[in-house]
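> Provide a 3D model corresponding to the input given below.
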Amino acid sequence: MNNIINRRVLIKSLLLLFSSSFSLADSNNYKRFTIIFGSCSNQNNKMDHWQTIINYEPDLLILLGDNVYGDFNNENANQLKQAYKKLSENSNFKHIKSNIPIIPIWDDHDYGINDGGKNWKYKNIAKKLFLDFFSVDNDDVRFKREGIYHSKDFELFNKKIKIVSLDTRYFKDDFTFNKDRSLNKKYIIDYDKNKTILGKEQWQWLSNELNKKYNLFILLSSFQVLSTSHGWEKWNNFYYERNKLLKLLNQNSLSIILSGDRHFAGIYNYKNIYEITASSFNQKTFNIIENDNLRVGELIGKNNFGIIKLDESNIEIKIVASEGTTKEVFNTIKLKY
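Take a look at the predicted model:
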């Protein structure tokens, strides 16, 4: 009974923490802390994944974008409003939103336009709908500046942990189209040092965020950072932006990147940086053969999400099936911190 009461108290503390600047109380009472993360949830498809998530009893849920599919083309934004409405009516998601802290970022389809960037004229309409849907407090910094980037600091097991949520849409320059589509690559690498994903202010903010020492640094990016082999949206489309980010992350003893977007899952490693791409929750995945020197293990083409389990010295990361009654595990890595 005491364990049940303690868990309820801790959940209430977490809900306050991730909706405001409140400090996590009694966090060291945890024996293990569970984070679930994933992307690409189409509200018009079966949404069995929300029940599957509940079954794992996570302490925190991270949504990595395309949380709904609501592309729109006028200021009424009816498609996006209806997408959020349909998700809000799902009973399992209602339970999650009321009982599990959520850290969300967006990608293009909840930003409102496919592969969208800084030139999207309705981006502030999409931002308001995003912040309202996730019940972000009106005093939150995201209401006071452009974009939706933000961070959370907390302690678990006497270790300092930072989660940084990037906005890869609001400030992004357009990627460079590949004119030779016979290569099955939509975009080519651009070596223009003036092209940006984060924009000047977000870069300065990120540099400041990384200027402190943490036992674990978790970075959220809607699209992939480490992968270089494919021709779709990725950080390496702006060569110098990716290099700049990797240089910053390598200052930490351990950095974990969580990303989505790709409609398949995989684990990647570069020096002290690990990236786990989890996609998609329920939006039909693609059968892709992709060779990438930084990938560890196989590509996962079934619907999926990721799980991080933390204790006082270990990190276990799994990619698991997001549907079905069996808890199918596709890939696992174990780290120390």
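> wait, doesn't residue 171 sit right on residue 197?
Yes - under the criterion of C-beta atoms under 8 Å, residue 171 makes contact with residue 197 at 7.1 Å. All C-beta atoms are positioned from the backbone trio N, CA, C, and that covers glycine.
> Tell me which of those two has more neighbours.
residue 197 (27 against 20; other C-beta atoms under 10 Å).
> Next up, the contacts around that one.
Residue 197 makes contact with 168, 171-173, 235, 238, 241, according to C-beta atoms under 8 Å, 6 or more residues apart in numbering.
> now residue 240
191-193, 195.
> So it lies in a helix, does it not?
Yes - judged by DSSP: H, G, I helix; E, B strand; the rest coil, residue 240 forms part of a helix.
> Could you check how far it is from residue 257?
Residue 240 is 18 Å from residue 257, where distance means C-beta to C-beta, to the nearest Å.
> and if you look at residue 220?
On the measure of C-beta to C-beta, residue 220 and residue 257 end up 8 Å apart.
> quick one: the helices in the stretch 151-300 of the chain?
Along the stretch 151-300 of the chain, the segments classed as helices by DSSP state H, counting those that start in this stretch run 200-209, 239-249.
> Report the inter-axis angle for the shortest one versus helix 239-249.
By that I understand helix 200-209. 20 degrees (axes from the mean of the first three to the mean of the last three C-alpha atoms, to 10 degrees).
> roughly how far is helix 200-209 from the heart of the chain?
On the basis of C-alpha atoms, centre = their mean, to the nearest Å, helix 200-209 sits 18 Å off its chain's mean C-alpha point.
> repeat for stretch 179-199
Taking mean C-alpha positions (C-alpha atoms, centre = their mean), stretch 179-199 and its chain are 22 Å apart.
> Quick check: end-to-end length of that stretch?
Stretch 179-199 has its terminal residues 26 Å apart, counting by C-alpha to C-alpha, to the nearest Å.
> Quick one: name whatever helix or strand follows the helix or strand of the chain with the lowest mean pLDDT.
Least confident helix or strand of the chain, by mean pLDDT, DSSP states H and E, is helix 2-19 with a mean of 47. Moving toward the C-terminus from helix 2-19, the next helix or strand (DSSP states H and E) is strand 33-38.
> So which residues make contact with the next helix or strand after that following strand?
Next helix or strand after strand 33-38 toward the C-terminus (DSSP H and E): helix 49-55. Applying C-beta under 8 Å, 6+ apart, the contact partners of helix 49-55 are 36, 38, 41, 61, 90, 92-93, 95-96, 281-282, 303, 305, 321-324, 327.
> With stretch 270-278 instead?
By C-beta under 8 Å, 6+ apart, the residues outside stretch 270-278 that reach it are 37-39, 64, 224-227, 246, 249-250, 252-262, 264-269, 294, 304-306, 317, 319, 333, 335.
> hey, where'd the strands end up in the stretch 51-200 of the chain?
Remark: strands assigned in the stretch 51-200 of the chain by DSSP state E, counting those that start in this stretch are 60-63, 102-104, 150-156, 159-165, 176-177, 187-188.
> Looks like residue 218 contacts residue 161 (just checking).
Yes - if you go by C-beta under 8 Å, residue 218 and residue 161 touch, sitting 7.1 Å apart.
> Convert stretch 157-172 to CSV, retaining C-alpha atoms only.
C-alpha atoms of stretch 157-172 as CSV (Å, rounded to 0.1, in the frame of the first residue of the first chain):
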residue,chain,number,x,y,z
PHE,A,157,19.1,8.8,-7.9
ASN,A,158,21.2,11.8,-6.9
LYS,A,159,22.1,12.4,-10.5
LYS,A,160,21.5,15.5,-12.5
ILE,A,161,19.5,15.0,-15.7
LYS,A,162,18.6,17.5,-18.3
ILE,A,163,16.0,17.0,-21.1
VAL,A,164,16.3,19.6,-23.9
SER,A,165,13.4,19.8,-26.4
LEU,A,166,14.5,21.4,-29.8
ASP,A,167,12.3,23.1,-32.2
THR,A,168,13.4,21.9,-35.6
ARG,A,169,10.6,23.6,-37.6
TYR,A,170,10.0,27.2,-36.6
PHE,A,171,13.4,28.6,-37.6
LYS,A,172,14.5,26.0,-40.2
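> pLDDT weak spots in the chain?
1-29, 181-183, 286-287, 325 (pLDDT under 70).
> Contact partners for the most centrally placed residue in it?
The chain has residue 64 as the residue nearest its centroid, 2.7 Å off, counting by C-alpha atoms, centre = their mean. Neighbouring residues of residue 64 by C-beta under 8 Å, 6+ apart: 37-39, 105, 107, 220-222, 258-261, 278-279.
> could you redo the last one with a cut-off of 10 Å?
37-40, 103-107, 165, 220-223, 258-261, 277-279, 281, 305-306 (C-beta atoms under 10 Å, 6 or more residues apart in numbering).
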